[in-house]
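Asks: Dropping a prediction and its sequence here:
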Amino acid sequence: MILPKFDYKKARTIEEALELYNKYNGNALYLAGGTDLVPLIKLRLFQPQVVIDLKGIDGLKDIKKVNNSIVVGPNITLFELKQSSFIKDYLPCFFESLEATSCETLQMRGTIGGNILQNTRCLQYNKSLEWRTARGFCLKMGGQVCNVLPNSKSCFSNYCGDNAPSLMTLDAKAKLVSPGGERTVRLEKLFSKDGRAPFNIKPGEILKEIVIPLKKTMGAYEKLTVRGS
Amino acid sequence: MDESLKIVGKRVIRSDSYAKVTGGALYTADLKLPGMLYAKVLRSPYPHAKILNIDVSKALKIPGVKAAVSGFDAHGVKWGVFRYTQDHAMLPTDKARYIGEDVAAVAAIDEETAIEALSLIKVEYEPLEAVFDPIEAMKDGAPQIHEQYKNNINIHIHIEVGDVDKAMTEAYLIREDTFKAAGEAYAMMEPYAVVASYANGYLDLWMPNAGPHVRAKALSNLLKLPLNRVRVRHINSGGAFGGRSEVAPGDLVASLLSIKSGKPVKLVLIREENAICSRQVHDIIATVKTGMKKDGTIVAKKYKVIYDGGAYSSTGPIATSIPYYVYEECYRLPNVRYDGYRVFTNKGIRGMYGCHGRAFLAGNEAQMDLMAKELGIDPVEVRLKNGLTAGEFTATKSKIISCGLRDTIIQAAEKSDFKKKWKKHTRNKGIGMGCVAIMCGFPMGFRSGSSCYVKINDDGQVTLITGIVDNGQGNESLAVQVASEVLGIPMEDINLVNADTEVTNLDPGAYSQAAAYVGANAVKAACENARKKIIAIASKKLGVPEEEIDLKDRIAYSIKTPEKRMPISWIAREAFFKGEPIVGTGSFFPDIDLEREWVSKPEGQMAGTYSFGTSVAELEIDEETGKIKVPKFIAAHDCGRPINPMAVEGQMEGSVGQAGIATIFEGNIWYKGFLLNPDLLEYKVPLACDMPDIETIIVSSNDPKGPFGAKEGGLTIRMNAYSAIACAFTNATGILFEELPLTPDNVLKLLEKNKGGKR
């Protein structure tokens, strides 16, 4: 399936990305690894005027120790994170959730920021425009009913990310930037509990850092899957 | 075994491998022709709706759009594989019968323009009541999907052998169970694609297909073009598994668009379309009643099997029959009543599948194990007792020519330590065995045979021309290897021209397991004729009697005095000088009963020969989650003499995944007429990490008529691997499966239901 037409802009700084966002009046989507976003655009679930690529922004690809925390840049790929001996030794639960994410090929493309902020999925949602038009739009597409449970007023789409749950057990926080300034929230506060719009994110806001307390932890992540990967 | 063979029976690198592993092999979607247009298809959003009008005029006004068509641009012809199944117009003008059915199409200078144009085609529908469940569809008053098929019964196969009712009353043990299985997706690596190019009254087509000749015939009918003006050409194919044996709506769409625009047209389906709108696999409900003697002998079988056929006939009569036949070709069934119903529903079209019939076959096998256990007989013994042997006849009077069934059972059992593990299994661990036989070629009337033409060129290299089709299983390499053996010329010197309707002769194609037995036999015959001519010239030139000459490594030489030798290239040139170039033709037609018919006369010789196989699976069930693991799989297959053992093993290993591990993953999920998992994320195909440790065993029964003793290579595992899993499940739990796939939820339901029972 081919992508619809949109402008592509590569931002060099967070400020530039925010400016672009404003320039396109918010009709924009941020791109990191693209493993979640590109299929959604192909399915015409989003039809942005512009896609703003964040991969060129310096500083979003670092992993560093700051005071009593470890600060992870959202553009680091899952595979790169797996190579960090610190994560393996200090945050075994996080290491295992990284390992449990998809396959290595996709881990090399997908970023931790994109993985946390991935959209929710549903058998009735992640389909082509033709399929969805024939079926009738559901709540998440702006329709009136849930196509899974027709009488439901809430959306039953699932969050499928592996790493947010493990990071929550580690008391991780997210630092976000918007034209209004920076804010830091506990990771669980990012989640809206509404499948239609799963994140409490302000328009144009960019995930800048994931902050994890620096201490040796114990923990494990196990994933029940039908297939091995 | 004939030890004198030089190439046949050797583990050679397939002739197609290098291009495929280096990415050099081209597939239909790679083709680019000058001025080529891109097509997109408008599909029905309704499962069942009357078509009142189709207006493509607005789409044609978009700059860049060169043609737009609907069924009203076709010739009103309906195609069917059989005279009594002609119900598929490909582009309907009366009704749409499933969501996703091809209704109209455009061709434009690029894909974006084509997509835009689709939105401007106006179709007026009158939605009709739809039916999605085959049992509902058979009831009086259900929506009629085709007028000519009452109660939506597309095909009814009735087979009656012996006296079933009497035999049942005399049986010591009787059991009746119903087994269900969801239809699978073919999930070929290559989504369907077609390029059609019409110029000067001639139509050329490229598409992945299992039989170019049948394809061309169908298109010639649908387009009202003479057969010699429709040329289906050779192209690599990224998998078929039975789903690409017939003409596809896309073939007609691309052809009509090319005829209208006068330009080549390419249509490539997206993954979702490939799953919804090409072919699907039948959902099956099989009721199996078995009567057994006290010693485990099967005395009677009574079947009622319902096949959800979707919207059109497709290969209906064949699909409604095959699960039963591959079973009766394996076991002695003195009394049988088989009633197979293929029923129309408002869902995608169901076709033949390499692993077709899992509810029926796994059901039969698991039930047999449970009954035998009650009689104190283990799975190995009951299979040996009831298994057919060479010289016997099947229930519908088809003679078994060569048979390695017994050896596959014994070797698979020994290798897996079956008897011990089966008897002393621990809780939630089990081992199971499945057997089946496969016909090497379906009866296909005058298309049942194959012919080959071979020429020796002036440099001693060879051009081999055959209708043999390769969908990835290695049939092309097989033909080259056989020719190499006969002609004494290395495989790399043999150029293959195949599966091109204007060049090659009729061939059964690659969907009835006929390539090795039928196609390669024709190759062998043609090459033997050419060999005779080579030897005749060599004999004169070398002054050696013909019977003393052999061909090897491009050389003709005297067996007695090997220094008397000459290159075959010299012989080829000598033949040109004489004005009689070395060419050979050969053909092969299997010894089958041509009166036999799927519906009207299900009796007589079905195929030239049969292959046999046994699968053994070990499984573990996680009682808490319902998840099944398959750590170990042993597959034994009687393929006569293997032409290339490595290729046969590859087929067996692929079958363990596609049929065996698929038993715990694969099934299409539906909401009314909507397929919910038409993608490879939600439709779970086994991955490398899901594959068990596999051991393959090749049993060589050396078929008297097969080329060098060969039969079909690997399909039995594709039709018994699920039985091994189902039987292992029964061994582990003491209960029969009710529905496939055995996904965690299905397993938990079954365990819950049988709690407190005999575990």
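Replies: Structure's in. What do you need?
Asks: Which helix or strand lies directly C-terminal to the helix or strand hosting residue B:222?
Replies: Assigned by DSSP states H and E, residue B:222 belongs to helix B:212-223. Next along the chain after helix B:212-223, taking DSSP H and E as the criterion, comes strand B:230-232.
Asks: elements contacting that next one?
Replies: Here strand B:230-232 touches strand B:202-206, helix B:212-223, going by 3 or more Cβ pairs under 8 Å, 6 or more residues apart in numbering or on different chains; DSSP states H and E. No exception for glycine: its C-beta is placed from N, CA and C like everyone else's.
Asks: Grab the most central residue of chain B for me.
Replies: In chain B, the centroid-proximal residue (Cα atoms, centre = their mean) is residue B:242; its distance is 3.4 Å.
Asks: residues contacting that one?
Replies: By Cβ atoms under 8 Å, 6 or more residues apart in numbering or on different chains, the contact set of residue B:242 is B:186, B:210, B:351-354, B:356, B:511.
Asks: Who are the contact partners of residue B:679?
Replies: A:126, B:271-272, B:275.
Asks: Neighbour count and distance to chain A added to the contacts of residue B:242, as TSV?
Replies: Output for the contacts of residue B:242, formatted as TSV (neighbours: other Cβ atoms under 10 Å in any protein chain shown; distance: Cβ to the nearest Cβ, whole Å):
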residue	neighbour count	distance to chain A
B:186	22	18
B:210	24	26
B:351	28	21
B:352	25	26
B:353	25	21
B:354	25	21
B:356	27	23
B:511	27	29
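Asks: tell me which element residue A:113 is part of?
Replies: helix A:112-116.
Asks: What distance separates the opening and closing residues of stretch A:112-124?
Replies: 26 Å (Cα to Cα, to the nearest Å).
Asks: if we can go back for a sec, and for the helix holding residue A:113, what's in contact with it?
Replies: So helix A:112-116 is contacted by A:32-37, A:60, A:72-78, A:81, A:101, A:161-164, A:167, A:174, A:187, A:190, A:207, A:210 (Cβ under 8 Å, 6+ apart).
Asks: Inside helices: which ones of those?
Replies: A:37, A:78, A:81, A:163-164, A:167 (DSSP state H).
Asks: Quick one: buried ones out of those residues?
Replies: A:37, A:78, A:81, A:163-164, A:167 (16 or more other Cβ atoms under 10 Å in any protein chain shown).
Asks: filter these by proximity to chain B?
Replies: For chain B, no contacts are drawn from those by Cβ under 8 Å from any Cβ of the partner chain.
Asks: Could I get the residues you listed in a markdown table, plus columns for pLDDT?
Replies: Listed next are those as a markdown table, based on pLDDT from 0 to 100:
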| residue | pLDDT |
| --- | --- |
| A:37 | 97 |
| A:78 | 98 |
| A:81 | 97 |
| A:163 | 98 |
| A:164 | 98 |
| A:167 | 98 |
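Asks: Now the two most distant members of those residues.
Replies: A:37 and A:167 (20.5 Å; Cβ to Cβ).
Asks: Just list the residues touching the residue most central in space within chain A, thanks.
Replies: With distances taken as Cα atoms, centre = their mean, residue A:117 lies nearest the centre of chain A, 1.9 Å away. By Cβ under 8 Å, 6+ apart, residue A:117 lies in contact with A:190, A:199, A:201, A:207.
Asks: Phi first, then psi, for the residue nearest to residue A:152 when sequence neighbours are not counted.
Replies: Spatial nearest neighbour of residue A:152, chain neighbours left out: residue A:146 (4.2 Å); criterion: Cβ to Cβ, 6 or more residues apart in numbering or on different chains. Backbone dihedrals for residue A:146, given as degrees, to the nearest 10, come out at phi -90, psi 130.
Asks: can you pull the buried residues of the strand ranked longest in chain A?
Replies: Selection of the longest strand in chain A by residue count, based on DSSP state E, yields strand A:206-213. Within strand A:206-213, the residues that count as buried by 16+ other Cβ under 10 Å are A:206-212.
Asks: follow-up on the earlier one: which one (most neighbours) among the contacts of residue A:117?
Replies: Compared across those, residue A:207 has the highest neighbour count, 25 neighbours, by other Cβ atoms under 10 Å in any protein chain shown.
Asks: is it true that it touches residue A:74?
Replies: Yes - because the distance of 4.7 Å satisfies Cβ atoms under 8 Å, residue A:207 is recorded as touching residue A:74.
Asks: Next one: residue B:629 from chain A, what distance?
Replies: 9 Å (Cβ to the nearest Cβ, to the nearest Å).
Asks: and chain A, which of its residues are near chain B?
Replies: A:1-2, A:5, A:103, A:123-124, A:126-128, A:130-131, A:133-135, A:147, A:224, A:226-229.
Asks: now those residues: which count as buried?
Replies: If we count by 16+ other Cβ under 10 Å, the residues of chain A next to chain B have these buried: A:1, A:123-124, A:126-128, A:130-131, A:134-135, A:147.
Asks: Dump stretch B:524-534 to CSV, restricted to CA.
Replies: What follows is stretch B:524-534, C-alpha atoms only, in CSV (Å, rounded to 0.1, in the frame of the first residue of the first chain):
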residue,chain,number,x,y,z
LYS,B,524,12.5,-38.2,-19.0
ALA,B,525,10.8,-39.6,-22.1
ALA,B,526,11.8,-36.6,-24.3
CYS,B,527,15.4,-36.7,-23.1
GLU,B,528,15.6,-40.5,-23.6
ASN,B,529,14.5,-39.9,-27.2
ALA,B,530,17.2,-37.3,-27.7
ARG,B,531,19.7,-39.6,-26.0
LYS,B,532,19.0,-42.4,-28.5
LYS,B,533,19.9,-40.0,-31.3
ILE,B,534,23.1,-38.9,-29.6
